[in-house]
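Participant: got a predicted model here, sequence first, then my questions.
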Amino acid sequence: MSAQGSPSLAAMYQEALLAHHRSPHNKREMTDVTGFAEHKNPVCGDHIRVMVRVEAARIVDVSFLGQSCSVGTASASLMTDAVMSLTVTEALAIVDDVEAMLAGQPAERLPEMLSPLRSVVPFAARHGCARLPWVALKEAVGRPL
């Protein structure tokens, strides 16, 4: 049985998502950014702003602000934890893995810390919520000020 199909793993992943929603990591304003992006999910109204500071091609700080559902907030919180201190290239590879996972494709390089996002895979209507901060990150690291 897949990890997504296991009731105990699904419950564990769901609880992990809710924990990140209740106490999101790196939800704060950053003033010394080198890039940022804002995105809105027109389906549900989620809105997020991702801010990054990149030095020598490495993400030295990342944060987010906005109003979103539990999935969107948790995804943003998990994202900031996962990409902090990575090179831009490494972070973009994770963005690709998240996209692959949500599309039901293998995502072997997906860091274990992002496993809670797997609980969203069976719910196509929530993919946009989970994807929103990752799309903003991709733009933020590619858009120098």
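Facilitator: Right, received. Where do you want to start?
Participant: flag the shaky bits of this structure, pLDDT-wise.
Facilitator: 1-13, 143-145 (pLDDT under 70).
Participant: what segments of it are strands?
Facilitator: Secondary structure of the chain (DSSP state E): strands at 35-40, 47-55, 58-67.
Participant: contact partners of the last one?
Facilitator: Among residues not part of strand 58-67, those counted as contacts by Cβ atoms under 8 Å, 6 or more residues apart in numbering are 24, 26-30, 32, 38, 45-54, 72, 76-77, 79-80, 83-88, 91, 133, 136-137, 141. In short, each C-beta sits where N, CA and C put it, glycine included.
Participant: 6 Å - rerun?
Facilitator: Residues outside strand 58-67 that contact it (Cβ atoms under 6 Å, 6 or more residues apart in numbering) are 26-28, 30, 47-53, 76, 80, 83-84, 86-87, 91.
Participant: which positions within that strand qualify as buried?
Facilitator: 59, 61-66 (16 or more other Cβ atoms under 10 Å).
Participant: chain center to that strand, what's the gap?
Facilitator: Taking Cα atoms, centre = their mean, to the nearest Å, the mean C-alpha location of strand 58-67 is offset from the chain mean by 10 Å.
Participant: what's the angle between that strand and strand 47-55?
Facilitator: Strand 58-67 and strand 47-55 are oriented at 160 degrees to each other (axes from the mean of the first three to the mean of the last three Cα atoms, to 10 degrees).
Participant: follow-up on the earlier one: which two among the buried residues of strand 58-67 are spaced furthest apart?
Facilitator: Between any two of the buried residues of strand 58-67, the greatest separation by Cβ to Cβ is 18.8 Å, found for 59 and 66.
Participant: now do residue 33: how many residues are near it, please.
Facilitator: 18 (other Cβ atoms under 10 Å).
Participant: ok, it - contacts?
Facilitator: Contacts of residue 33 by Cβ under 6 Å, 6+ apart are 51, 53.
Participant: what of residue 100?
Facilitator: By Cβ under 6 Å, 6+ apart, the neighbours of residue 100 are residue 107.
Participant: now do the closest residue to residue 98 other than its chain neighbours against residue 87, distance only.
Facilitator: Nearest residue to residue 98, sequence neighbours excluded (Cβ to Cβ, 6 or more residues apart in numbering): residue 134, at 5.1 Å. Distance from residue 134 to residue 87, counting by Cβ to Cβ, to the nearest Å: 17 Å.
Participant: understood, closing this out.
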